[in-house]
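>>> Got a sequence here, can you model it:
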Amino acid sequence: MSKTVFVHDNFVQAGGGERVAEELARCLPDADIVSTVVVEERLSPYVKQRGVTTTWLQQFPAMKRFYRHYFLFYPFAARSLDLSKYDKIVSSCYGFAKMIRKPQGAVHICYCHTPTRWIWRAEDYFGRENFGRTTRSLLNALISRMKKLDLDAADQVDFFIANSQVVKERIRKYYGRDSIVIYPPIQVNRFETSDEVEDYYLVLSRLVAYKRIELAVQACERLGRKLKIVGQGPDRKRLEQLAGKNTEFLGRLSDAETTRLLSRCRALIFPGEEDFGLTPLEASASGRPVVAYGGGGALDTVIPGLNGVHFSEPTVDSLAGAIERMEEGSWDSAAIRQHAEKFSVESFARQFNAAVQNFSGRKAGGAEHVPGHAAGALSLESAVRS
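Down below sits the predicted model:
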């Protein structure tokens, strides 16, 4: 009898990746759920009810506060999972979930949010951090080793599902593997449109440097536009120092409060390059346009003239110009909402379940590499010993 396990990297935050993981789990109602570590109060009610098996990493102190500091332990925790009783593994991976040990004869299907960002796009991830020369040298040595380990892990995946076209290209570029694209879903019915549009722009995001929220702050200050920022994170202090009287930091808000703000904003500003990004679609489900950087997942979700505009350069000038173009446009809330409905949870479930059924019926271990790929053959254990 077939037995399935669903492996998600970790449940230490309550962001877009965790919302997608929940929908993946809903598609696999009979699967056991495992993860390296969880922060209990950040689990959704559904995932909490299903229950999550964790690893020895769960015993580390102050996980809620220090989960980022433990990042070197995550691959070892993933490798320690005993999955020997399962013949079907579905992983949800933006980090190290694909490093699990696959039992002989099992099929491993990886839903890839992105090839591990801090390994393959280190400059994007760390470029705006003020690391010293010694720290950067150590990071570069670590990243070089982790690339080899990540390639080895990718070789053990039978089938990849990418969450966007840009991630599909990264999987091909970094792993030399083909994949299919199934876009992440949003709960369209959670959002509502409003006939009342108020005089503010909105950012919904974790406040971390690579999200480039300073572009939104500086552009709105330059144009004299009101900006509300919903979210919390380590970059808040720096952003507050850049902000003026037009910018308001609201911290974390309830879903109801966030939904109301989305439905009444002039537009959502999405200034960073994301692997996919759910918030532009949430704005669309609320009938509001998006001003988005023209890269990453926003190329799949923000259609110029229909539900928003792109800005081409990650600069204040480029974003300010896009805001002014958005203000000159005419936006149909009903058409914008209709666009969001293409990314519903129902559509996602149909596509994902069909893909899993298809892949499960094919031979495990038969994954083909695209031409020109030279995968690493270094195991985690041999890398640590060397």
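>>> And the residue nearest to Asp275 when sequence neighbours are not counted, how far from Ser179?
Counting by C-beta to C-beta, 6 or more residues apart in numbering, Thr114 is the residue found nearest to Asp275 once chain neighbours are left out, at 3.9 Å. For every residue, glycine as well, the C-beta is placed using N, CA and C. To Ser179, Thr114 is 12 Å away according to C-beta to C-beta, to the nearest Å.
>>> Also Ala122?
Ala122 sits 22 Å away from Ser179, going by C-beta to C-beta.
>>> wait, doesn't Ala209 sit right on Asp235?
Yes - under the criterion of C-beta atoms under 8 Å, Ala209 makes contact with Asp235 at 5.2 Å.
>>> coming back round to it: which one of Thr114 and Ser179 has more residues nearby?
Under the neighbour definition other C-beta atoms under 10 Å, Thr114 and Ser179 were set side by side, and Thr114 has more, 24 against 21.
>>> my guess is that one is in a strand, correct?
No - counting by DSSP: H, G, I helix; E, B strand; the rest coil, Thr114 is not part of a strand but coil.
>>> Just the buried residues of stretch 180-199, please?
Residues of stretch 180-199 classed as buried under the neighbour-count rule (16 or more other C-beta atoms under 10 Å) are 182-186, 188, 191, 194.
>>> Same question for stretch 345-363.
In stretch 345-363, counting by 16+ other C-beta under 10 Å, buried: 345, 348, 351-352, 355-356, 359-360.
>>> Inside strands: which ones of those residues?
Applying DSSP state E to the buried residues of stretch 345-363, no entry is found in strands.
>>> Just the local confidence number for the residue nearest to Gly251 when sequence neighbours are not counted, please.
Excluding the flanking residues, the one nearest Gly251 by C-beta to C-beta, 6+ apart is Gln232, at 5.4 Å. pLDDT recorded at Gln232 is 93.
>>> Give me the neighbour count for Gln232.
15.
>>> cool, the one 5 residues further on as well?
Using other C-beta under 10 Å, Lys237 has 9 other residues around it.
>>> Quick check: phi and psi on it?
phi -60, psi -50 (degrees, to the nearest 10).
>>> I figured Ile182 was touching Phe352, is that so?
Yes - between Ile182 and Phe352 there is a contact under C-beta under 8 Å: 5.6 Å.
>>> Check the contact lists of those two and give me the overlap.
Shared contacts of Ile182 and Phe352 (C-beta atoms under 8 Å, 6 or more residues apart in numbering): 111, 161.
>>> before we move on, back to that, who touches both of Thr114 and Ser179?
Common neighbours of Thr114 and Ser179 (C-beta under 8 Å, 6+ apart) are Val167.
>>> Can you show me the helices along the stretch 201-350 of the chain?
213-223, 236-242, 255-264, 279-285, 298-301, 316-328, 333-340, 345-360 (DSSP state H, counting those that start in this stretch).
>>> Just say which of the ones you listed is most tucked in.
helix 279-285 (a mean of 28; mean count of other C-beta atoms under 10 Å).
>>> Which elements pack onto that helix?
Identification of packing neighbours for helix 279-285 by 3 or more C-beta pairs under 8 Å, 6 or more residues apart in numbering; DSSP states H and E yields strand 201-204, strand 267-270, strand 290-293, helix 298-301, helix 333-340.
>>> Just give me how far that helix sits from the chain centre.
Put simply, helix 279-285 sits 15 Å off its chain's centre (C-alpha atoms, centre = their mean, to the nearest Å).
>>> could we number from 322 for the rest of this?
Got it, the first residue is 322 from now on, which makes the last one we talked about helix 600-606.
>>> average model confidence for that helix?
Taken as a whole, helix 600-606 has a mean pLDDT of 96.
>>> Using PDB, write out the CA atom coordinates for it.
Extracted in PDB, the C-alpha atoms of helix 600-606 (Å, rounded to 0.1, in the frame of the first residue of the first chain):
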ATOM      1  CA  THR A 600       0.800  39.900  -2.400                       C
ATOM      2  CA  PRO A 601       0.300  41.200  -6.000                       C
ATOM      3  CA  LEU A 602      -2.400  38.600  -6.500                       C
ATOM      4  CA  GLU A 603      -3.900  39.400  -3.100                       C
ATOM      5  CA  ALA A 604      -4.100  43.100  -4.300                       C
ATOM      6  CA  SER A 605      -5.700  41.900  -7.500                       C
ATOM      7  CA  ALA A 606      -8.300  39.800  -5.600                       C
END
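>>> in the protein, what spans have low per-residue confidence?
322, 445-453, 684-707 (pLDDT under 70).
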